[in-house]
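[1] Next one to model:
(one chain, ligands or ions: 2)
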Amino acid sequence: MPAYAGAMPDPVAALAPYDVVLLGSFGGPEAPDEVMPFLRRVTAGRDIPDARLEAVGEHYFDRGGRSPINDLNRDLLVRLRAELDRRGIATPVVWGNRNSAPFFADAVHEALDLGATRVVTVLTSAYSCYSSCRQYREDLAAAVEDVGPAADGLVVDKVRPYGGHPGVGRAWLRALVAAVGALPDPSGARILYVTHSIPTAMDDTSGPGDGEGNLYVDQHVRLGRRLTDEVSSELGLALEGELVFCSRSGPPSQPWLEPDVNDRIEQLADERAASAVVVAPIGFVSDHMEVVHDLDTEAAATARRVGMPFVRVATPGTDELFVEGLVDLLLERAAEARGEVVVPDAWLPGDVRPSVCAPGCCPNLRTAKPALCGSD
Ligand SMILES: CC1=C(CCC(=O)O)c2cc3nc(cc4[nH]c(cc5[nH]c(cc1n2)c(C)c5CCC(=O)O)c(CCC(=O)O)c4C)C(CCC(=O)O)=C3C
Ligand SMILES: [Fe+2]
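    Ligands and ions are numbered 1, 2, ... in the order given. Next up is the predicted model:
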């Protein structure tokens, strides 16, 4: 039990000094005419080939131009509210995205209307790297800037990267046990932990910047190892797991993290090295486009083509273990902000990242920009 859990005197004080919670996410289009503006926003100033953008546009158009991500976040908001209420916490929750309405600036307006002076942000992005952390912090800074004088003095903080938190870990474990346990021949299955590929240069610089680097890959590898051990012992098997990547988007000349999930499935089939693949997209917290298209559609088709049995592990989504974990993280962050001694709840020892990002961590390799929630 975390040390702060007993100290919840009244409905507003539990998360004090925070007066509003901000759920921050990536965003996605909700209608065909929003697809291209969304893609242009996401890739502004980046080296993404036109062919890749057209292909990704097709993934959205194939689904009526609507990404699942915003609806998933609407569900998460309802569950988060319910879990806060269950614990007697009345602090309001607002929602904002980096790349689609409601934008971060909309959320800042809403928070100010609610009387916010100090906001605590929890992201749907659980790991450390420029794309998963600093870019959100930069966009928060830009949003507060956009709102202008009304936001003067508003403080915006953030919950630490939480991929190693027991709430997330246990949600994955439960789903993994169910997926592996349902296989006809689980002993020969290979677990493929999947996350979003990023440029190797972005992984090399992920972390606090004092020579650590590769924190993005390391966080996933360590979560995967722990999950493989846990699921093996729970099912009495000696399973093997490894980290693979999806959704590469840069030009072929630019190195991105490999192997790609499809290539690895083909290779395992060629080598007859596995009786099935269990695909666990630990890089994501819900079934958005990367999961439903790149894994459930593409990787599943690759597996069918090479005759490899394929099962995809459920994402945390609105699993109560995950939602409870998010509320625990908010309480932990509030206790830290009050200056209390906090023993962070961690599944992976050594994986507790600071909630106030260090100067220069996970840097923007193009243009340095102002960012909130850090000491730089
Ligand atoms: C690390 C990471 C996460 C996980 C952390 C987090 O969740 O934030 C993530 C999530 C997501 N990425 C998403 C969508 C896209 N990402 C793109 C492009 C890129 N992603 C990158 C990285 C990541 N992305 C990178 C390095 C690029 C290259 C361009 C750039 O350097 O910025 C592009 C452009 C086209 C393409 O190239 O694919 C799209 C459309 C959606 C929404 C899905 C939906 O609609 O349901 C979500 C949740
Ligand atoms: Fe992405």
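[2] Which secondary structure elements does the lengthiest helix in the chain sit against?
    Scanning the chain for the longest helix, with DSSP state H as the assignment, gives helix 215-235. With contacts taken as 3 or more CB pairs under 8 Å, 6 or more residues apart in numbering; DSSP states H and E, helix 215-235 sits against helix 166-181, strand 189-196, helix 200-204, strand 240-246. Quick note: C-beta positions are derived from backbone N, CA and C, even for glycine.
[3] Go through the shortest one and flag the buried ones.
    By neighbour count on 16 or more other CB atoms under 10 Å, the buried set for helix 200-204 is 202-204.
[4] Residues of the chain that sit close to ligand 1?
    By the rule CB under 6 Å from any ligand atom, the part of the chain lying against ligand 1 is 26, 28, 39, 42-43, 46, 48, 52-53, 56, 67-69, 124-125, 129, 131-132, 196, 198, 247, 249, 283, 288-290.
[5] give me that answer again for 5 Å
    26, 28, 42-43, 46, 48, 56, 67, 69, 125, 131-132, 196, 198, 249, 288-289 (CB under 5 Å from any ligand atom).
[6] all helices for the stretch 51-200 of the chain, in order.
    69-86, 104-113, 135-147, 166-181, 200-204 (DSSP state H, counting those that start in this stretch).
[7] Could you give the average pLDDT over the shortest one?
    Read that as helix 200-204. The average pLDDT for helix 200-204 rounds to 97.
[8] Contacts only, for the residue nearest the centre of the chain.
    What sits nearest the mean C-alpha location of the chain, by CA atoms, centre = their mean, is S125, with 2.4 Å. By CB atoms under 8 Å, 6 or more residues apart in numbering, the contact list for S125 reads 25-26, 132-133, 136, 285.
[9] Check T200 too.
    Here T200 is in contact with 255-257 (CB under 8 Å, 6+ apart).
[10] taking those residues one by one, which sit in helices?
    Reading helices off these, I find no matches (DSSP H).
[11] Return the set of buried residues in stretch 212-227.
    Result for stretch 212-227 [16+ other CB under 10 Å]: buried residues 214-224, 226-227.
[12] CSV please, covering those residues and showing pLDDT.
    As requested, these are exported to CSV (pLDDT from 0 to 100):
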residue, pLDDT
N214, 96
L215, 95
Y216, 97
V217, 97
D218, 95
Q219, 96
H220, 97
V221, 97
R222, 96
L223, 97
G224, 98
R226, 97
L227, 98
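[13] of those, closest to ligand 1?
    Y216 (7.5 Å; CB to the nearest ligand atom).
[14] which residues of the stretch 201-350 of the chain fall in helices?
    215-235, 261-270, 289, 300-305, 320-337.
[15] Show me the one of these that comes nearest N99.
    Nearest to N99, of all the helices of the stretch 201-350 of the chain, is helix 289, at 12.1 Å by CB to CB.
[16] Contacts for the closest one, please.
    Contacts of helix 289 (CB under 8 Å, 6+ apart): 28, 59-60, 63, 67-69.
[17] For the residue of the stretch 151-300 of the chain found nearest ligand 1, give me its contacts.
    Going by CB to the nearest ligand atom, ligand 1 is nearest to S249 of the stretch 151-300 of the chain, at 2.6 Å. Neighbour list for S249: 48, 52, 56, 197, 256 [criterion: CB under 8 Å, 6+ apart].
[18] pretty sure the first one contacts G250?
    What that stands for is I48. Yes: using CB atoms under 8 Å, I48 is in contact with G250, at 6.7 Å.
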